[in-house]
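Asker: sequence plus the predicted model coming up.
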Amino acid sequence: MCIKTIKKHIGKILVTVGVIGTASLTQINLSDLPVNYPLLVNTQIEQLEYSYRAEELLRLEHNEMGRKFRENEITENEWQRYLKNDFESRSLILGGEIGRLRNELGYSAIYIEENEQMDKFISQQKKEFKNSTRWEIKIKNILK
């Protein structure tokens, strides 16, 4: 049996993910979730939708900042500062949150690979979530 543990410090939050064989365990205090969900986002599926949309907005913001850098509208120092201070932490936390929610909802990669119908459903749901306009998301305030 293969045991692998990854620990990543994100500010004051420690997220530990352990994988034992094909089972995946996530240890996180739900009151310490790092994403700043609005009060109307109550269920895990709503949190997943919100997180996917926030991740997509972050990707678009990153692309716009990259364009500004390429077209000399911002300096290399400003680009690097954006990557280090704004983009990386939000990207890491949103990706971790999406992974946690997918795991808790039973969207494991192994199960999906073995079930073509589920794979199509998850792919379609992810696409819809990325394009969702259900909530007004201010990407600068996505983290607590």
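Answerer: Yes, it's here.
Asker: contact partners for Leu94?
Answerer: Going by CB atoms under 8 Å, 6 or more residues apart in numbering, Leu94 touches Val35, Ser51, Ala54, Glu55, Leu58, Ile142. Just so you know, the C-beta spots here come from the backbone N, C-alpha and C atoms, and that holds for glycine as well.
Asker: for these, work out which two are farthest apart.
Answerer: Val35 and Leu58 (11.6 Å; CB to CB).
Asker: how about the helices of this structure, start to end?
Answerer: Assigned by DSSP state H, the chain shows helices spanning 44-70, 76-82, 88-104, 109-114, 116-130.
Asker: reformat those helices as CSV; add distance to Glu136 and mean pLDDT.
Answerer: As requested, those are exported to CSV (distance: least, CB to CB, whole Å; pLDDT from 0 to 100):
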stretch, distance to Glu136, mean pLDDT
helix 44-70, 10, 96
helix 76-82, 23, 97
helix 88-104, 17, 92
helix 109-114, 31, 61
helix 116-130, 15, 82
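Asker: quick one: the spatially most distant residue from the centre of the chain and Trp79, what's the gap?
Answerer: In the chain, the residue that sits farthest from the middle, by CA atoms, centre = their mean, is Asn72; the gap is 29.6 Å. Separation of Asn72 from Trp79 (CB to CB, to the nearest Å): 11 Å.
Asker: same question, Glu46
Answerer: From Glu46 across to Trp79, the span is 34 Å (CB to CB).
Asker: ok, now Ile142?
Answerer: Going from Ile142 to Trp79 by CB to CB gives 20 Å.
Asker: these two: which has the busier surroundings?
Answerer: Ile142 (21 against 16; other CB atoms under 10 Å).
Asker: contacts only, for the more buried one.
Answerer: Taking CB under 8 Å, 6+ apart as the contact definition, Ile142 lies against Val35, Asn36, Ala54, Leu58, Arg90, Leu94.
Asker: just the buried residues from those, in PyMOL please.
Answerer: Command for PyMOL that selects the buried part of the contacts of Ile142, burial taken from 16 or more other CB atoms under 10 Å:
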select buried, resi 35+54+58+90+94
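Asker: okay if I get the helices of the chain as JSON lines plus distance to Lys138?
Answerer: Supplementary listing: the helices of the chain in JSON lines, determined by distance: least, CB to CB, whole Å:
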{"stretch": "helix 44-70", "distance to Lys138": "9"}
{"stretch": "helix 76-82", "distance to Lys138": "17"}
{"stretch": "helix 88-104", "distance to Lys138": "12"}
{"stretch": "helix 109-114", "distance to Lys138": "31"}
{"stretch": "helix 116-130", "distance to Lys138": "17"}
